[in-house]
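>>> predicted model and sequence below, questions to follow.
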Amino acid sequence: MIIADSKGKGYDFAKGIYAYLGKEEEKDISVKLIDIMITRFKDGEPKIKIAENIRRKTCFFIHDSNKDPYQWFTELEFTLEAMKSSSPAETNVVFPYMRFSRQDRKDESRVSSNAKVVANAVSKYADRCMTVDLHSPQIQEFFNIPVDNLYSFPTLINYLQENYSSLLENLVVVSPDAGGAKRAEALAKRFSKKGIPSTFAISHKSREKANEVAKTIIIGNVEGKNCLILDDIIDTGGTMISTTFALKEKGAERIFAYGTHALFTEGVEKFSSLDKVIVSDTIKTPKAKNVEILSLVDLFGEAIYRTVIGESLSILFNDE
């Protein structure tokens, strides 16, 4: 059973997964797409009902990443409670994008660890959780249930090989901040194992004096190189844009960017300085001239299929 809110912006993502699971004859499983019925009292309080019987069924709840964070969390909990009381054989929660994942530690006194709160709440109701390019891998440790953190790197590499092979010549993978350095290095290594020589660089904001506008410096050689700025979440895009200008000052040639989860909270117009911005469809993205959508529907569909029949997921991300 694939369960999703038909009135949400992310319903096409769920329908895509359903179509993937049902389109190939060799996938010998029976699949059904079930709606979530949401009605509201006059004060806005929601009442959630699973539209059809799910007793003793293996259920995958595809939670809409496009919902407002507070609505996202509230409807997540109420839907899971409704599912649990409906006696399914197994409850799987699928987060195309896991909201509240950026506050994953106590970085100062008296702050909440939002990711831990979400993990505790989901662990109470579900048997397993699935997402992609989790903001911090250690978030998996907050859950008391298995978590499958998928990786979009193989899908991205195939997409670039098919559509932008010239970009992959003389390539540098660039992290827009120090925190993403391991992510950039990991992608550069994957490119190299695919026979695509690449290096990586890091963008760093430096302030010589207090209250001084930060200067963005590039650590690594990018002169005459094609650059791919890599991030898991694109929010306002401020850091990505400043990195783009710094790369141009250092003599970079073409500059692309990839962000798995594109929030675009200040719109897409500001990204015109980039040759191309590639984002996934975990969040519905407004149309723009230089923005392209990389679909992860098949990745999730295959991962769900393998979960149902008990096959390995890690083989999807092997470097070989």
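Thanks, I have it. Note that the coordinates shown come from a computational prediction; the quantities given were computed from them, not determined experimentally.
>>> pull out the buried positions in the helix ranked longest in the chain.
Scanning the chain for the longest helix, with DSSP state H as the assignment, gives helix 69-84. Of the residues in helix 69-84, those scored as buried under the neighbour-count criterion (16 or more other Cβ atoms under 10 Å) are 72-73, 75-80, 82-83. In short, each C-beta sits where N, CA and C put it, glycine included.
>>> ok, these vs F41, which is closest?
F78 (13.0 Å; Cβ to Cβ).
>>> report the separation between D298 and E75.
Counting by Cβ to Cβ, to the nearest Å, the gap between D298 and E75 amounts to 26 Å.
>>> again with G179
The gap separating G179 from E75 is 30 Å, by Cβ to Cβ.
>>> same question for Y20.
As judged by Cβ to Cβ, Y20 and E75 stand 24 Å apart.
>>> next: P69.
P69 is 11 Å from E75, where distance means Cβ to Cβ.
>>> ok, residues contacting stretch 1-19?
Stretch 1-19 has contacts (Cβ atoms under 8 Å, 6 or more residues apart in numbering) with 21, 31-36, 38, 50, 54, 57-67, 75, 79, 83, 88, 94, 96, 281-284, 295, 297, 300-301, 304.
>>> among those, name the ones in strands.
Secondary structure defined by DSSP state E assigns 33-36, 38, 50, 58-62, 94 of these to strands.
>>> all strands for the protein, in order.
Secondary structure of the chain (DSSP E): strands located at 2-4, 33-40, 46-50, 58-62, 90-95, 128-132, 147-150, 171-175, 198-206, 215-219, 226-234, 255-262, 276-280, 291-294.
>>> any chance of the ones you listed in TSV, with mean neighbour count, distance to V111 and mean pLDDT too?
TSV is the format used below for those (neighbours: other Cβ atoms under 10 Å; distance: least, Cβ to Cβ, whole Å; pLDDT from 0 to 100):
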stretch	mean neighbour count	distance to V111	mean pLDDT
strand 2-4	25	33	98
strand 33-40	16	31	96
strand 46-50	15	28	96
strand 58-62	23	29	98
strand 90-95	23	22	98
strand 128-132	22	23	98
strand 147-150	20	23	97
strand 171-175	25	25	97
strand 198-206	19	22	90
strand 215-219	16	27	91
strand 226-234	24	19	96
strand 255-262	25	22	97
strand 276-280	22	29	97
strand 291-294	16	33	96
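>>> in JSON lines, list the ones you listed along with distance to A184.
As requested, the strands of the chain are exported to JSON lines (distance: least, Cβ to Cβ, whole Å):
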{"stretch": "strand 2-4", "distance to A184": "33"}
{"stretch": "strand 33-40", "distance to A184": "38"}
{"stretch": "strand 46-50", "distance to A184": "40"}
{"stretch": "strand 58-62", "distance to A184": "29"}
{"stretch": "strand 90-95", "distance to A184": "23"}
{"stretch": "strand 128-132", "distance to A184": "18"}
{"stretch": "strand 147-150", "distance to A184": "18"}
{"stretch": "strand 171-175", "distance to A184": "4"}
{"stretch": "strand 198-206", "distance to A184": "4"}
{"stretch": "strand 215-219", "distance to A184": "11"}
{"stretch": "strand 226-234", "distance to A184": "5"}
{"stretch": "strand 255-262", "distance to A184": "11"}
{"stretch": "strand 276-280", "distance to A184": "15"}
{"stretch": "strand 291-294", "distance to A184": "18"}
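>>> what residue ranges in this structure score low on pLDDT?
Low-confidence regions of the chain, defined here as pLDDT under 70, cover residues 24-27, 207-213, 319-320.
>>> now do 50
For the chain, applying pLDDT under 50 flags the ranges 211, 320.
>>> spell out which residues make up each domain of it.
With domains defined by automatic domain parsing, the chain comprises 2-151+297-317, 153-294.
>>> how long is the first one from one end to the other?
With Cα to Cα, to the nearest Å as the measure, the ends of domain 2-151+297-317 fall 24 Å from one another.
>>> do the same with the shortest one
For domain 153-294, the separation between the terminal residues is 11 Å (Cα to Cα).
>>> which residue, other than its chain neighbours, is closest to Q161?
Beyond its immediate neighbours in the sequence, the residue positioned closest to Q161 (Cβ to Cβ, 6 or more residues apart in numbering) is L168, lying 6.9 Å away.
>>> no, scratch that, I was asking about K49
By the measure of Cβ to Cβ, 6+ apart, the closest residue to K49 outside its immediate chain neighbours is M37, 4.5 Å from it.
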